[in-house]
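Peer 1: Provided below are the primary sequence and the corresponding predicted coordinates.
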Amino acid sequence: MQSKNPTWLETAVFYEIYPQTFYDSNGDGIGDLPGIIQKLDYLVSLGVNAIWLNPCFVSPFGDAGYDVADYYQVAPRYGTNDDLRQLFEAAHQRGIHVLLDLVAGHTSIENAWFKESCKPEKNKYSDWFIWTDSVWTPPLAELQNVRGFADRDGAYIINFFYMQPALNYGFANPDPRYPWQQSVDAPGPQAVRQEMKNIMKFWLDMGADGFRVDMAASLVKLDPGRRMTSKFWQEVRQWLDQDYPQAALVSEWSNPSEAIPAGFHMDFTLHFGMTGYTGLFRKPFRSSFQRGDRYGWSYFDASGHGNIRQFLDEYLVHYEETKDVGFICIPSGNHDICPRLATGRSVQELKVAFLFILTMPGVPYIYYGDEIGMRFVEGLPSKEGGYYRTGSRTPMQWDNTSNAGFSAAPAERLYLPVDSLPDRPDVAAQQSDPASLLNTVRKLVELRKAHPALCASGFFEPVFAKAGHSLFVYRRTRAAEDLLVALNPANQAVEVHLPDGLVKQQPKVLYGQTGAILQESGSWILRLPGISGGVYQLE
C-alpha cells in the first residue's frame, strides 16, 4: 500500500492552461506567465483550485514545448524563472496549486546534453541518450531512429518526432545481439534518472506543487508490462512521500490500473489507452468530426444513440482496482484531443456533459475555454507540431473586443488566430447571464466542493446504465451523505423505476431538474426530460 495522497487532491478541480494562448500581457501575440497571473482571479471565480500548466521551458518549439532544450529555464517568450516563481506565489495566495508539465522521456535536439551526446568523443553525456553502434542500424520494432544526424557513428532513438531523442533509462531486457542496448543499472540510465529527480527538486523548491508527466509509460525501452518503468516511478514516489508529501504526481498513461500502482497519485482517461473515453464525447474520433456515421456515436449526443457501457465497463475495472490508492482523472479535453467538447453541441448538451465531469469520482480537469464552450477551429495550418490538434489550441476568448481580448498585438502576429465566427462565446458575455455555461460550471464546481460525497474519494456506484438507453444514474456516498446523480444527454424524455429501498423519502434537489423523482403506487420513479439531469440528496 502506498502512502496517502496529498490532502488537497480530495477537493481539487484542475484547469489546464496552454500558456501560449491563454492571455498575452505584453502585446507580442503570445500568451505568457504574467498574463496567467493577471487572470488568476478569474480562476478563483470559476472555483478551480489547481492548474496544470503545459510546458513553459526553453525550447525550439518543434512540438509546442514538448521538446525541451533547458529544463531549468523558462522560455523567454513566456517570461523568466522569477515570473514562474511569482505565479506559484500568487496562485498559492489564492488557494490554487500549480502542476508543471514534466517531459521525462525525451529532450529537444537543441538540448545541451544531446549536443554533447552527438560528439564522437566519449563524454559525460554520451550514454544519456539511446544511440545504436552504427549509423547503418535500421529501425527496429518499437524503436524508431534517426540516422545521419551527427558525426557520431550511430542512430539515435526517438520517442515521437525526429527532434525528440529518447533519454536513456535503459532496456528492461537488453538484447545481446545489440550491445548498444544498456541495462537500467548502467551508468548512463542511472545518471538520467538522478537528473530527472534533480529537475523535479529544482521546481518543487521554487514552489511547484507537483508534475503532470508527459508519456509517463515510455521511459524504459522494450519493457513488457512497463515493469521497469513502473519501478522508476515507484522510486520517485517514495522520494516525494518522504521529502515533498504534498506534491502531486499525475501520469499521461491512460491505464490507471498500471499507472497508480506505479507510483502516480492520478492517471487520465484519454483518447488512447482507455478507449472508452472517446466514446463519451468524441466518437467518431476522426478528422471530419462528423457525428454518428459508421464509426458510431458518442454517449453525450442528443440523438440518444450512444452507449454509456462502452465507457463504464472499462472504467469500472480501473476504478475497482485503484479507488483505495489513487484517483482517475476525467478531462473535458486537452491540447491533444480533437475536437473540443463544444463542437457540434448546444449549451444545454454541454451542461449535461459538465454535470457528469464534475460529479464523477477522482479529479476533474477543465481544458481552458471549455467552460465557455469554445469550439474547435477547423482548417488551421499546423503550428509547432500541432497538425490536426491545432484547432483545439486557439486563443482564450475573454470578450468581444479585438482578438477576443487575448492580445493587443495585430491579428497577424497572434500565435494562432482566434475563432472568427460572429457567435463565438466569451467570458464577458457569460459573466452576467445566470443561465450561461460559465455560470453553470461555476455552480457545479461549488456543488462538488460543498459535498464530500462528490469529491475525489466519495464512493461511486452505478444505479442504472444500460446499452440502448440514454439514462445514466449513479450514486455517490461518503459517511452519512448519500447523493444520486441522474443525467440524460438525449433529446427524448426517459423514465425508470428506481431499485427498491434506494429512496426512502422525497429527495432534496441539489442541482438541476426538479420533480424528477416521484413516488407512484409504492415505488419511486425517475423521469427526466430530454437533455437534462440533476443531483439529489437521498439522506
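Peer 2: Here it is on my side, so go on.
Peer 1: where do the helices sit along the stretch 51-200 of the chain?
Peer 2: Along the stretch 51-200 of the chain, counting by DSSP state H, counting those that start in this stretch, helices occupy 81-93, 112-117, 187-206.
Peer 1: please read the previous query as pertaining to the chain.
Peer 2: 33-38, 40-46, 81-93, 112-117, 187-206, 227-243, 256-259, 276-281, 309-322, 347-357, 427-431, 437-450 (DSSP state H).
Peer 1: where does the stretch 301-450 of the chain dip in pLDDT?
Peer 2: Counting by pLDDT under 70, the stretch 301-450 of the chain contains no low-confidence residues.
Peer 1: wait, I meant the stretch 151-300 of the chain
Peer 2: Filtered on pLDDT under 70, the stretch 151-300 of the chain yields the residue ranges 283-296.
Peer 1: got the helices of the stretch 51-200 of the chain as JSON lines, with mean neighbour count columns?
Peer 2: Quick note: C-beta positions are derived from backbone N, CA and C, even for glycine. Converted to JSON lines, those look like this (neighbours: other Cβ atoms under 10 Å):
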{"stretch": "helix 81-93", "mean neighbour count": "17"}
{"stretch": "helix 112-117", "mean neighbour count": "18"}
{"stretch": "helix 187-206", "mean neighbour count": "17"}
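Peer 1: how about CSV for those, with distance to residue 485 added?
Peer 2: Converted to CSV, the helices of the stretch 51-200 of the chain look like this (distance: least, Cβ to Cβ, whole Å):
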stretch, distance to residue 485
helix 81-93, 30
helix 112-117, 49
helix 187-206, 36
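Peer 1: tell me which of these lies nearest to residue 4.
Peer 2: Residue 4 sits nearest to helix 187-206 of all those, at 18.1 Å, using Cβ to Cβ.
Peer 1: how distant is the closest one from the center of its chain?
Peer 2: In terms of Cα atoms, centre = their mean, to the nearest Å, the centre of helix 187-206 is found 23 Å from the chain centre.
Peer 1: and the angle for that helix with helix 227-243?
Peer 2: 30 degrees (axes from the mean of the first three to the mean of the last three Cα atoms, to 10 degrees).
Peer 1: use 45 as the first number for this chain going forward.
Peer 2: Sounds good: first residue 45 from here, last item helix 231-250.
Peer 1: can you report how many residues lie near residue 410?
Peer 2: Neighbour count for residue 410, taken as other Cβ atoms under 10 Å: 25.
Peer 1: please look at it and residue 376 and confirm they touch.
Peer 2: Yes - counting by Cβ atoms under 8 Å, residue 410 does reach residue 376; the two are 5.2 Å apart.
Peer 1: between those two, what contacts are shared?
Peer 2: Taking Cβ atoms under 8 Å, 6 or more residues apart in numbering as the criterion, residue 410 and residue 376 both touch residue 401.
Peer 1: related to what we said a few turns ago, the helices of the stretch 95-244 of the chain: which one's closest to residue 388?
Peer 2: Closest approach to residue 388 among those is made by helix 125-137 (33.9 Å; Cβ to Cβ).
Peer 1: ok, residues contacting that closest one?
Peer 2: Helix 125-137 has contacts (Cβ under 8 Å, 6+ apart) with 76-78, 80-81, 84, 95, 100, 117-118, 141-142, 250-253.
Peer 1: ok, the residues you listed vs residue 424, which is closest?
Peer 2: residue 76 (21.4 Å).
Peer 1: how close does the closest residue to the closest one other than its chain neighbours sit to residue 103?
Peer 2: Residue nearest to residue 76 in three dimensions, not counting chain neighbours: residue 122, with 4.9 Å by Cβ to Cβ, 6 or more residues apart in numbering. Computed as Cβ to Cβ, to the nearest Å, the residue 122 to residue 103 distance reads 10 Å.
Peer 1: and what of residue 448?
Peer 2: Counting by Cβ to Cβ - residue 448 and residue 103 are separated by 26 Å.
Peer 1: on that earlier part again, now the residue nearest to residue 76. Its backbone dihedrals?
Peer 2: phi -100, psi -20 (degrees, to the nearest 10).
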